[in-house]
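Engineer: Structure for the following, please:
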Amino acid sequence: RHTMSSGTPLGLAHLRRAGDFRAAFSLALTQSIGTGMGGEVLVCREHTTRKKYALKVLPFHPEYERGLAVWAALSPHENIVPMCHIYEVVIEPGSLVSGISLREGKYFFVIMPRVVGGTLYDYLRSQYPLASHVVQQIMRQLGAVLAHIHARGYV
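Structural biologist: Down below sits the predicted model:
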């Protein structure tokens, strides 16, 4: 098995093992938020606080690993959804993770705050045509994120 630690060159400092995930979180399998870029997004619940979070399941791939490292490096920012925890989960042949059917292999389980209201795309479609002050607010937020990314040296 491939293991990672907080000493990885990509800086995934909060990478944790699968056992930590099972000990801390349970999945609410009836609540799928949807399919995002790269993987499915589910609802999970922290055992101690019962607070609901979003769980993004990504297959292990160097591209996703780099993307997660950049995401971690760009946090915190008021207009970027923060990453709470990252878990490395190895699925053995024929095993299930709390009822999720995944092929054998390695996955990243990314825990982030559960944001209600859908995607920006869904919002824009539902509000069409947009009032100019709403467009200005969205553009200001996107500009702030781009400035933040530039300041951190990623673009």
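Engineer: and the residue lying closest to residue 71 once chain neighbours are set aside, how many neighbours?
Structural biologist: Of all residues not flanking residue 71 in the chain, residue 83 sits nearest, at 5.7 Å (Cβ to Cβ, 6 or more residues apart in numbering). In short, each C-beta sits where N, CA and C put it, glycine included. By other Cβ atoms under 10 Å, 19 other residues sit near residue 83.
Engineer: Mind telling me what element residue 83 is part of?
Structural biologist: Residue 83 belongs to no helix or strand when assigned by DSSP states H and E.
Engineer: Touching, it and residue 74? I think so.
Structural biologist: No - using Cβ atoms under 8 Å as the test, residue 83 is too far from residue 74 to be in contact (9.6 Å).
Engineer: ok, how many other residues are close to residue 75?
Structural biologist: Every residue meeting other Cβ under 10 Å relative to residue 75 is counted, giving 14.
Engineer: what's it sitting at in phi/psi?
Structural biologist: phi -90, psi 150 (degrees, to the nearest 10).
Engineer: what number of residues lie near the closest residue to it other than its chain neighbours?
Structural biologist: Excluding the flanking residues, the one nearest residue 75 by Cβ to Cβ, 6+ apart is residue 82, at 5.0 Å. By other Cβ under 10 Å, the residues close to residue 82 number 13.
Engineer: those helices in the chain, which residues are they?
Structural biologist: Taking DSSP state H as the criterion, the chain carries its helices at 18-24, 62-74, 120-127, 132-151.
Engineer: Now that we have those, can you turn them into TSV and tack on distance to residue 45, mean pLDDT and mean neighbour count?
Structural biologist: Listed next are the helices of the chain as TSV, based on distance: least, Cβ to Cβ, whole Å; pLDDT from 0 to 100; neighbours: other Cβ atoms under 10 Å:
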stretch	distance to residue 45	mean pLDDT	mean neighbour count
helix 18-24	10	60	15
helix 62-74	22	86	16
helix 120-127	24	81	11
helix 132-151	29	91	12
